[in-house]
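Undergrad: Coordinates only, no sequence provided:
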Ligand code: HEC
Ligand code: HEC
């Protein structure tokens, strides 16, 4: 009996030791799986993320430009919005956007909730307005019930729409990349070349701006720090928000998580391959191209940052009713 007890205790101790993961002390931290506080709110936000009736044409949803089957982007240099409008800037991924210090390339929205109302009423994006979007939802009884379950017996409001979409976006994280498994101690999770690529990424100084759990998203930095970027001279970047000349061409550093999926690159979507993107960075941020073999190693490392993509059944949306405003392509 005594031996059985000590055997059980010994086994428990082993199990305990296994469960405790020691994360390597690196400037990049692993992404943890989402633990939603309110699953019903997330579920409603998910439906709204796919809800094309939030657009005037009834054709565009958040997912049109932030396609969750394609790394949370549209893989276009700039997005196509209402009336086939070609947007001014590349659509960043919504994956891991919760780690951003602010939203948009210039950080003009302070968080995901603040951001979520923007595209609905942007004439070049979803082309609707907040009153119309709320009217559409209010004429669909199933939506009214869902909103009431979460927000109580108040009329549906744009604040509730933003709040639930943001709650869904909070769950759009991509844990368990090979690099994260390596960070958590699994030496075999990445190859020798990929590990060397990470070493070069740190030694050449990429890590100064691309760090933290999202490998970016946590600071504003100048694009063209050492050598001016000549392809785009009209976008002002952060200066549009601060009105400070020193912030001209300063952008939120993009996340490099899932970067293999989110081409084309940069705010102007001008670069289609990671090799070229890494070269552009070294030329404009450091003033000189790095050796081609080092570029190849960095690219190999970057591809280990692709994590587990959102995976859920496609949400079913409730049907319109006789009083639902009809879509208009105009
Ligand atoms: C027509 C295409 C289009 C649609 C539709 C659209 N977006 Fe975007 N989204 C963009 C573009 C382009 C940007 C970048 C704009 C900028 O930075 O000035 C962006 C930026 C964002 C960002 C900021 C990400 C970051 O890293 O800064 C989030 C979050 C986001 N969108 C969520 C949404 C949500 C939620 C919806 C639906 C309510 C939506 N988008 C609908 C094109 C679109
Ligand atoms: C001084 C800060 C800084 C340094 C150093 C830096 N970056 Fe960047 N990186 C940025 C900024 C800012 C952007 C966004 C530029 C833009 O599109 O306006 C960016 C964009 C990128 C992109 C494109 C991301 C996307 O989604 O479009 C890649 C890839 C990238 N960097 C990789 C690297 C690599 C590799 C290095 C090292 C060789 C590096 N960066 C060094 C600040 C930096």
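TA: Received, thanks. In this text, all values refer to a predicted model and were calculated from it rather than measured experimentally. Ligands and ions are numbered 1, 2, ... in the order given.

Undergrad: where's the helix or strand harbouring residue 179 relative to the chain centroid, distance-wise?
TA: For residue 179, the element it lies in under DSSP states H and E is helix 178-183. Relative to its chain's centre, helix 178-183 lies at 19 Å (CA atoms, centre = their mean, to the nearest Å).

Undergrad: now for that helix, which elements pack on it?
TA: Packed against helix 178-183 by the contact rule (3 or more CB pairs under 8 Å, 6 or more residues apart in numbering; DSSP states H and E) you find helix 192-203. For every residue, glycine as well, the C-beta is placed using N, CA and C.

Undergrad: for the helix it packs on, the distance to its chain's centre please.
TA: 24 Å.

Undergrad: Can you pull the residues of this protein lying near ligand 1?
TA: 60, 62, 64-66, 79, 81, 87, 89, 91-92, 94, 97, 100, 103-105, 112, 115-116, 119-120, 125-126, 165 (CB under 6 Å from any ligand atom).

Undergrad: Tell me which entries of those residues lie within helices.
TA: 62, 64, 65, 112, 115, 116, 119, 120, 165 (DSSP state H).

Undergrad: Report the contact partners of the second one.
TA: Remark: with contacts taken as CB atoms under 8 Å, 6 or more residues apart in numbering, residue 64 is in contact with 52, 74.

Undergrad: Recalculate using a threshold of 10 Å.
TA: 50, 52, 55, 74, 79, 80, 81, 91, 119, 125, 126 (CB atoms under 10 Å, 6 or more residues apart in numbering).

Undergrad: So for stretch 181-195, what gets flagged as buried?
TA: Residues of stretch 181-195 classed as buried: 181, 182, 183, 189, 190, 194, 195 (neighbour count, 16 or more other CB atoms under 10 Å).

Undergrad: Over to stretch 193-208?
TA: Residues of stretch 193-208 classed as buried: 194, 195, 196, 197, 198, 200, 201, 202, 204, 206 (neighbour count, 16+ other CB under 10 Å).

Undergrad: how near is the first one to residue 320?
TA: Computed as CB to CB, to the nearest Å, the residue 194 to residue 320 distance reads 50 Å.

Undergrad: what does residue 84 give?
TA: Separation of residue 84 from residue 320 (CB to CB): 24 Å.

Undergrad: which of these two has more neighbours?
TA: Neighbour tally, residue 84 and residue 320, criterion other CB atoms under 10 Å: the higher count belongs to residue 320, 15 against 8.

Undergrad: wait, that one sits on residue 135?
TA: No: the pair residue 320 / residue 135 is not scored as a contact, 11.7 Å apart, by CB atoms under 10 Å.

Undergrad: What parts of this protein come near ligand 2?
TA: Taking CB under 6 Å from any ligand atom as the criterion, the chain approaches ligand 2 at residues 204-206, 208-210, 221, 223, 225, 251, 253-254, 256, 259, 262, 265-267, 277-278, 281-282, 285, 298.

Undergrad: Generate a PyMOL selection restricted to the buried entries among those residues.
TA: Here is the PyMOL command that picks out the buried ones among those, judged by 16+ other CB under 10 Å:
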select buried, resi 204+206+209+210+221+223+225+251+253+254+256+259+262+265+266+267+277+278+281+282+285+298
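
Undergrad: Could you pick out which of the residues of the chain next to ligand 2 are located in strands?
TA: 221, 251 (DSSP state E).

Undergrad: Show me the residues of the chain next to ligand 2 that map onto helices.
TA: The helices, defined by DSSP H, take in 277, 278, 281, 298 from these.

Undergrad: In contact with the third one, which residues?
TA: Which is residue 281. Residue 281 sits in contact with 204-206, 209-210, 223, 225, 265-266, 271, 289-290, 295, 298, where contact means CB under 10 Å, 6+ apart.

Undergrad: where are the low-confidence patches of this structure?
TA: Applying pLDDT under 70 to the chain flags the ranges 1-19.

Undergrad: care to break it down by domain?
TA: For the chain, automatic domain parsing gives the domain ranges 39-170, 178-305.

Undergrad: would you list those in a markdown table and tack on distance to residue 311?
TA: Output for these, formatted as a markdown table (distance: least, CB to CB, whole Å):
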| stretch | distance to residue 311 |
| --- | --- |
| domain 39-170 | 9 |
| domain 178-305 | 14 |
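
Undergrad: And these: which comes nearest residue 24?
TA: Comparing these by their distance to residue 24 (CB to CB), the top pick is domain 178-305, with 5.3 Å.

Undergrad: for the buried residues of stretch 193-208, which one is nearest residue 157?
TA: Nearest to residue 157 among the buried residues of stretch 193-208, counting by CB to CB, is residue 206 at 43.2 Å.

Undergrad: Hmm, residue 200 and the closest one touching each other?
TA: Yes: with contact defined as CB under 10 Å, residue 206 and residue 200 form a contacting pair (8.3 Å).

Undergrad: okay, and the common contacts of those two?
TA: Residues touching both residue 206 and residue 200 by CB under 10 Å, 6+ apart: 278, 290, 298, 301.

Undergrad: List the contacts of the second one.
TA: What it means is residue 290. Contacts here follow CB under 10 Å, 6+ apart; on that basis residue 290 touches 200, 204, 206, 278, 279, 281, 282, 283, 297, 298.
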